[in-house]
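*Asks:* attaching a predicted model along with its sequence, questions to come.
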Amino acid sequence: GDSVTQMEGPVTLSEEAFLTINCTYTATGYPSLFWYVQYPGEGLQLLLKATKADDKGSNKGFEATYRKETTSFHLEKGSVQVSDSAVYFCALSDRNSWGKLQFGAGTQVVVTP
Amino acid sequence: DSGVTQTPKHLITATGQRVTLRCSPRSGDLSVYWYQQSLDQGLQFLIQYYNGEERAKGNILERFSAQQFPDLHSELNLSSLELGDSALYFCASMSSWEGRTEAFFGQGTRLTVV
């Protein structure tokens, strides 16, 4: 079945550092790929998405490119802020899955001043 | 604000009891999804309803059931509760999975079984 693997956390960074969170996936079809963010005590918010190979999703300084050849969707941000401290989830939705999401385990990111 | 409302926000109950979690989807969204977030299992898809009908089932225990009503709100019923059922339960809604529209999540119901 479909699955998502993302790097384990916590990832601790200083403010203005570069952030990368690796995400790879296994899917039989051509899934859409997502990054969701969960701030402390809140629900999940869509951060960015990509629906086909070579698409780049971007939002709030975060970027991720859908790489079909490496089945990856790594999340990057050039300069993190304390407010980026959260748990980040990589997810996929297969065309035949009625919109349900398969999530990775989540990566906690802690940004210190 | 995602537009998805879940009640209650917190619930504490004893083992063996039954609880009902409620979800009101975004206005106009026909699909409702339930997810469970626990420390050991991560985020797991439980079940999906579309316009009142069950569409997909994930790792949902037989002690759990759900339904979607004509006004499109959904309820997740958890019975014979065990300590391991303690988790954050999320509801999400989506207008359609065609065209890759995004899912909007509620803030969750935190269930603690003691």
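*Replies:* Done, it's in. Residues are numbered from 1 along each chain as shown, chains lettered A, B, ... in the order given.
*Asks:* which residue does chain A have closest to chain B?
*Replies:* In chain A, the residue that lies nearest chain B is residue A:99 (3.1 Å; C-beta to the nearest C-beta). For glycine as for every other residue, the C-beta is placed from the backbone atoms N, C-alpha and C.
*Asks:* was I right to think that residue contacts residue B:102?
*Replies:* No: applying C-beta atoms under 8 Å as the test, residue A:99 and residue B:102 come out as separate, 9.4 Å apart.
*Asks:* more crowded one of the two?
*Replies:* residue A:99 (25 against 17; other C-beta atoms under 10 Å in any protein chain shown).
*Asks:* up against chain B, what does chain A have?
*Replies:* For chain A, the residues in contact with chain B (C-beta under 8 Å from any C-beta of the partner chain) are A:32, A:34, A:36, A:42-46, A:49, A:51, A:89, A:93, A:97-106.
*Asks:* hmm, back to that, tell me the pLDDT of the residue of chain A closest to chain B.
*Replies:* At residue A:99, the pLDDT value in this model is 81.
*Asks:* shaky segments in chain B?
*Replies:* Along chain B, the model assigns pLDDT under 70 to residues B:96-101.
*Asks:* run a quick neighbour tally on the closest residue to residue A:75 other than its chain neighbours.
*Replies:* With C-beta to C-beta, 6 or more residues apart in numbering or on different chains as the criterion, residue A:75 has its nearest non-adjacent residue at 4.4 Å, and that residue is residue A:21. Neighbour count of residue A:21, defined by other C-beta under 10 Å: 23.
*Asks:* many thanks, have a good one.
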